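Colleague: Take this sequence and fold it.
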Amino acid sequence: MIEIRHLRMLEALASTGSLSNAARRLHLSQPAISHQMKDLEDAAGMELFIRKTHPVRLTPAGHRLLEAAYATIREIERAERDLARIREGKAGRLRIAVECHSCFDWLMPSMDAFREAWPEVEMDLVSGFHANPVGLLEADGADLVIVSRRERAQGRTFHPIFRYKVMALVANQHPLAAKPYLTAADFEAETLVTYPIPDERLDIIRDCLKPAGINPRRRTTELTVAILQLVASRRGIAAIPSWAVQPFLDRKYVTGVPVGKNGLFSQLYAATTAAAGEAAFMQEFLRIMRDVSFSTLSDVEPLEEAA
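Modeller: Alright, predicted model coming up:
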């Protein structure tokens, strides 16, 4: 018998392209995903997956079942939303604050999708720079805060969104543009252009330069486009999530170079109070953020469940 868990597995495989990423998204082991694949083929009575392909490819029968999976899962989600509205009432408020200035662009499609599904929930972005963004939750200044680090604190819950690659940005004609990757030492003689946020919230400082004892000249600006302009004119280099600047990399406005031989990675979490995180519309927004991110952003992957 085909079950909803099989359909969710099929959707995760199709959207992530691999057993490992599907397993992380569904919080299962790879053997569990393989077992579900076999169960689904047994229930269907035919092959649904083309073995030993990357990304995972489906047979024609697999594609037909995937169409049914999308339709079934969306209908179940709509039913769950309707039940939540009946149970909890229609009114709600969702005020969102972000730690990183470049978060706004990727967040907008998620907000649009959520607004269409939950038009009765009042949404707002909390503007301005906040030295302690998570503190806004306790001060009733925000209902959800996007952060790159999770902190263990009573009454707070950190929901995983995605893991991403941080890319160094240099001018196209800069000598560093020819390197396969940058090390901490490559930043020492440069001017590092960053957002005006504390060093402990800057991945490149916290995880790369500070451990190596490197402290380059600094320049700050609040706008991503301003950072890109400074980099393009060779007035500094930067390190920004690749998904935040992908259109500029595609147009070769600047050159992206990995940081470190194995790359520099960071993550995003959505912090809420424990009570707010249980609300049906909050759970729906968290799901939409993940789905939209995986379908629209480059160099992102599932992030393990927060503790």
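Colleague: What segments of the stretch 151-300 of the chain are helices?
Modeller: 203, 224-232, 242-250, 274-277, 280-296 (DSSP state H, counting those that start in this stretch).
Colleague: Output those as TSV; include the columns mean neighbour count and distance to residue 74.
Modeller: For the C-beta atoms, the positions are set from N, CA and C on the backbone; glycine is no exception. Shown next, in TSV, are the helices of the stretch 151-300 of the chain (neighbours: other C-beta atoms under 10 Å; distance: least, C-beta to C-beta, whole Å):
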stretch	mean neighbour count	distance to residue 74
helix 203	21	35
helix 224-232	19	33
helix 242-250	17	25
helix 274-277	14	23
helix 280-296	19	11
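Colleague: of the ones you listed, which approaches residue 15 most closely?
Modeller: helix 280-296 (5.9 Å; C-beta to C-beta).
Colleague: Just the angle for that closest one relative to helix 242-250, thanks.
Modeller: Interaxial angle of helix 280-296 relative to helix 242-250 (axes from the mean of the first three to the mean of the last three C-alpha atoms, to 10 degrees): 30 degrees.
Colleague: Tell me which strands the following helix or strand past helix 280-296 pairs with, and in which orientation.
Modeller: Along the chain past helix 280-296, the next helix or strand (assigned with DSSP states H and E) turns out to be strand 300-301. Paired neighbours of strand 300-301 in the sheet (DSSP bridges): strand 156-170 (antiparallel).
Colleague: how far is the partner strand from where the chain is centred?
Modeller: Centroid separation between strand 156-170 and its chain, computed with C-alpha atoms, centre = their mean, to the nearest Å, is 6 Å.
Colleague: Please export the C-alpha coordinates of it as PDB.
Modeller: The C-alpha atoms that make up strand 156-170 are tabulated as PDB, following Å, rounded to 0.1, in the frame of the first residue of the first chain:
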ATOM      1  CA  ARG A 156      13.500  29.600  22.900                       C
ATOM      2  CA  THR A 157      13.400  27.200  20.000                       C
ATOM      3  CA  PHE A 158      15.800  27.300  17.000                       C
ATOM      4  CA  HIS A 159      14.200  25.800  13.800                       C
ATOM      5  CA  PRO A 160      16.700  24.800  11.100                       C
ATOM      6  CA  ILE A 161      16.300  26.500   7.700                       C
ATOM      7  CA  PHE A 162      19.300  25.600   5.600                       C
ATOM      8  CA  ARG A 163      23.100  25.200   5.400                       C
ATOM      9  CA  TYR A 164      24.900  27.300   2.800                       C
ATOM     10  CA  LYS A 165      28.300  28.100   1.300                       C
ATOM     11  CA  VAL A 166      30.100  31.400   2.000                       C
ATOM     12  CA  MET A 167      32.000  32.600  -1.100                       C
ATOM     13  CA  ALA A 168      34.800  35.200  -1.200                       C
ATOM     14  CA  LEU A 169      34.200  38.000  -3.700                       C
ATOM     15  CA  VAL A 170      37.100  39.700  -5.500                       C
END
